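Chemist: next one to model:
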Amino acid sequence: MEDAPLAPVEVIERSRRGDDVDAGSVAAFVRSWLDGTASDAQMAAWCMVACLRGLSEEHTRALTDALIASGDRLELARFGHTGDRHSTGGVGDTTTLVAAPLAAALGVRVAKMSGRGLAHTGGTVDKLEAIPGFRTDLPVDRFVRQVRDTGIAVIAQTARLVPGDRRLYALRDATGTVPAAGLIAASVMSKKLAGGAEAISLDVKAGRGAFFADAAEARAGAGLMAALAGPWGRRVRWIVSAMDQPLGRSVGNALEVREAADALRGGGPPDLRELAVAVAADLAEAAGAVAEGEGAERAERALDDGSALACAERWVEAQDGDPAVWTDPGALPRAPVVVDVPAPADGWVSGLDARGLGEAARWLGAGRLHPDQSVDPVAGLELLAKVGDPLVAGEPMAMVHARDAWAAERARGMVARCVERSQEPVDPPPLLLGRGRGDA
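Modeler: Predicted coordinates:
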């Protein structure tokens, strides 16, 4: 006869002390929170313990399975080559807006559930909602039809697909309990596994602006997520990418959409293009849409010949957005106040504090400081100089986009403090820090 599961308070107390807790008790605790028996305060306490002590793979799997079971689960294999991708969160991380239509151009039917911003990091849903008319709240049946007919759909979490993760996501954001490897892995993989795509590409961020402090932590997190996918028969590819400085040169929702448009037209920042190509190549190869080793070359060609742009236009139009955002910069909203951040002296940029820049953008309104705050699509930053670029005293090294002059002036000082300078030239750091796979 099996022992009865521990009560929620016992799970919290034992976890806090570092004592053994069986996976069944963790699963029962999560289910009791989902059905209202356990309180948000208890779940928040357990999440804080997870941040301080970590979660075992066994406990992470129990949490993942309980979140998946909180709603429906899709199976999309009947549509052929299906894929999904996810980032663990960064600053200026516009990759999905480029990589998703790029993978679709390579023959992958992209089916993705995305999240909103967490802490200092941006969220894909918030970026997409900066596009006039774009709907992220599609019903599940429309989401599935769009994957079948358009070849790409990206939505917010729904009441039918992993609603438990939507609740937990918001609770972690409100209680400062985001950066725990097990909680991150369970959140990411519950959405990916419930979404039903056969191939999954993971972009695991490492560095000051990420939730994983360094490449070693990020590789361990990637391995954990790949292990969670194994029993479900999914094919996983993962990349560890640097997040000590923001990706690209824009931080903020409409600004990042505009930068993604540049990339889809064959331009844009080189680091954004490099990562988008790597993600799309991994996804296309894992899904079987292109042969192993051919994904990167095919992806480069799809950016340059306009086929990725055409997929992006069909995608946005299918979700009621204005496809002109990809070709007409005036189709996106703009901030009424834009001020420059001048360089204090000559030199070179030796570092950019990605977390500090993300916090400055969040303070401007590009993210949320409390759960009920609405996101301002026009708020954000443009980085005119990145690591390795020269600085000239008095010349702008960044631009602040704000709703009013007071906010812009305060953010100007926040941004200036995030720029580290050197009197000697500095080499730009590598973007891709590791790659791997976890096929079932």
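Chemist: show me where the chain has its strands.
Modeler: 82-87, 109-114, 152-156, 199-206, 235-242, 250-251, 337-342, 347-352, 380-383, 390-391, 396-402, 419-422, 432-437 (DSSP state E).
Chemist: can you give the distance of the last one from its chain's centre?
Modeler: Think strand 432-437. Computed by CA atoms, centre = their mean, to the nearest Å, the separation of strand 432-437 from the middle of its chain amounts to 17 Å.
Chemist: quick one: strands adjacent to that strand?
Modeler: strand 235-242 (antiparallel) (DSSP bridges).
Chemist: and the angle from the partner strand to strand 82-87?
Modeler: Angle, strand 235-242 to strand 82-87, by axes from the mean of the first three to the mean of the last three CA atoms, to 10 degrees: 30 degrees.
Chemist: residues contacting Leu247?
Modeler: 90-95, 241, 269, 271-272, 275 (CB atoms under 8 Å, 6 or more residues apart in numbering). Bear in mind the C-beta positions are built from the backbone N, C-alpha and C, glycine included.
Chemist: same thing but 10 Å
Modeler: 87, 90-95, 122, 203, 205, 209, 241, 256, 259, 269, 271-272, 274-276, 354, 386, 431 (CB atoms under 10 Å, 6 or more residues apart in numbering).
Chemist: quick one: buried ones out of these?
Modeler: Listed as buried from the contacts of Leu247 are 87, 90-95, 122, 203, 205, 209, 241, 256, 259, 269, 271-272, 274-276, 354, 386, 431; burial here means 16 or more other CB atoms under 10 Å.
Chemist: can you flag which of these belong to helices?
Modeler: Counted as lying in helices by DSSP state H, out of these, are 95, 256, 259, 271-272, 274-276, 354.
Chemist: dump the residues you listed to a markdown table, plus distance to Ala181 and pLDDT.
Modeler: Conversion of these to a markdown table gives the following (distance: CB to CB, whole Å; pLDDT from 0 to 100):
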| residue | distance to Ala181 | pLDDT |
| --- | --- | --- |
| Thr95 | 21 | 96 |
| Glu256 | 26 | 97 |
| Glu259 | 29 | 98 |
| Asp271 | 25 | 97 |
| Leu272 | 26 | 98 |
| Glu274 | 26 | 98 |
| Leu275 | 22 | 98 |
| Ala276 | 25 | 98 |
| Ala354 | 19 | 95 |
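Chemist: out of the strands of the chain, flag the one nearest Ala50.
Modeler: strand 199-206 (18.0 Å; CB to CB).
Chemist: quick one: mean pLDDT over that closest one.
Modeler: Computed over strand 199-206, the mean pLDDT rounds to 96.
Chemist: format the CA atom coordinates belonging to that strand as PDB.
Modeler: Provided in PDB are the C-alpha atoms of strand 199-206 (Å, rounded to 0.1, in the frame of the first residue of the first chain):
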ATOM      1  CA  ALA A 199      10.500  18.900 -33.200                       C
ATOM      2  CA  ILE A 200      11.600  21.500 -30.600                       C
ATOM      3  CA  SER A 201      14.400  24.000 -30.800                       C
ATOM      4  CA  LEU A 202      15.600  25.500 -27.500                       C
ATOM      5  CA  ASP A 203      17.600  28.700 -27.200                       C
ATOM      6  CA  VAL A 204      19.000  28.700 -23.600                       C
ATOM      7  CA  LYS A 205      20.500  32.100 -22.600                       C
ATOM      8  CA  ALA A 206      23.600  32.500 -20.500                       C
END
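Chemist: parallel or antiparallel, list what pairs with that strand.
Modeler: When DSSP bridges is applied, strand 199-206 pairs with strand 82-87 (parallel), strand 235-242 (parallel).
Chemist: and the two most separated of the ones in helices among the buried ones among the contacts of Leu247?
Modeler: The widest separation within these (CB to CB) is 18.3 Å, between Ala276 and Ala354.
Chemist: what comes up buried for stretch 123-134?
Modeler: Across stretch 123-134, burial judged by 16+ other CB under 10 Å covers 123-132, 134.
Chemist: tell me the mean pLDDT for that stretch?
Modeler: 94.
Chemist: can you check stretch 71-89 too?
Modeler: Mean predicted confidence for stretch 71-89 is 92.
Chemist: again, but for stretch 178-191
Modeler: pLDDT averaged over stretch 178-191 gives 91.
Chemist: pull the CA atoms of that stretch into PDB?
Modeler: C-alpha atoms of stretch 178-191 as PDB (Å, rounded to 0.1, in the frame of the first residue of the first chain):
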ATOM      1  CA  VAL A 178      11.700  33.300 -11.900                       C
ATOM      2  CA  PRO A 179      15.400  32.200 -12.000                       C
ATOM      3  CA  ALA A 180      15.200  28.500 -10.900                       C
ATOM      4  CA  ALA A 181      16.400  25.900 -13.500                       C
ATOM      5  CA  GLY A 182      13.600  23.400 -12.600                       C
ATOM      6  CA  LEU A 183      10.900  26.000 -12.700                       C
ATOM      7  CA  ILE A 184      12.100  27.300 -16.000                       C
ATOM      8  CA  ALA A 185      12.400  23.900 -17.500                       C
ATOM      9  CA  ALA A 186       8.900  22.800 -16.400                       C
ATOM     10  CA  SER A 187       7.400  26.100 -17.700                       C
ATOM     11  CA  VAL A 188       9.100  25.800 -21.100                       C
ATOM     12  CA  MET A 189       8.600  22.100 -21.600                       C
ATOM     13  CA  SER A 190       4.900  21.900 -20.400                       C
ATOM     14  CA  LYS A 191       4.100  24.400 -23.200                       C
END
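Chemist: tell me the bridge partners for Pro396.
Modeler: Applying DSSP bridges, one finds that Pro396 bridges with Pro342.
Chemist: ok, it - contacts?
Modeler: 339-343, 382, 384-385.
Chemist: which one of those residues is nearest Arg73?
Modeler: Closest to Arg73, out of all of the contacts of Pro396 and judged by CB to CB, is Glu382, at 41.0 Å.
Chemist: picking up where we left off before, could you dump the ones in helices among the buried ones among the contacts of Leu247 into a markdown table and include distance to Leu303?
Modeler: A markdown table is the format used below for those (distance: CB to CB, whole Å):
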| residue | distance to Leu303 |
| --- | --- |
| Thr95 | 13 |
| Glu256 | 17 |
| Glu259 | 14 |
| Asp271 | 14 |
| Leu272 | 11 |
| Glu274 | 11 |
| Leu275 | 12 |
| Ala276 | 8 |
| Ala354 | 25 |
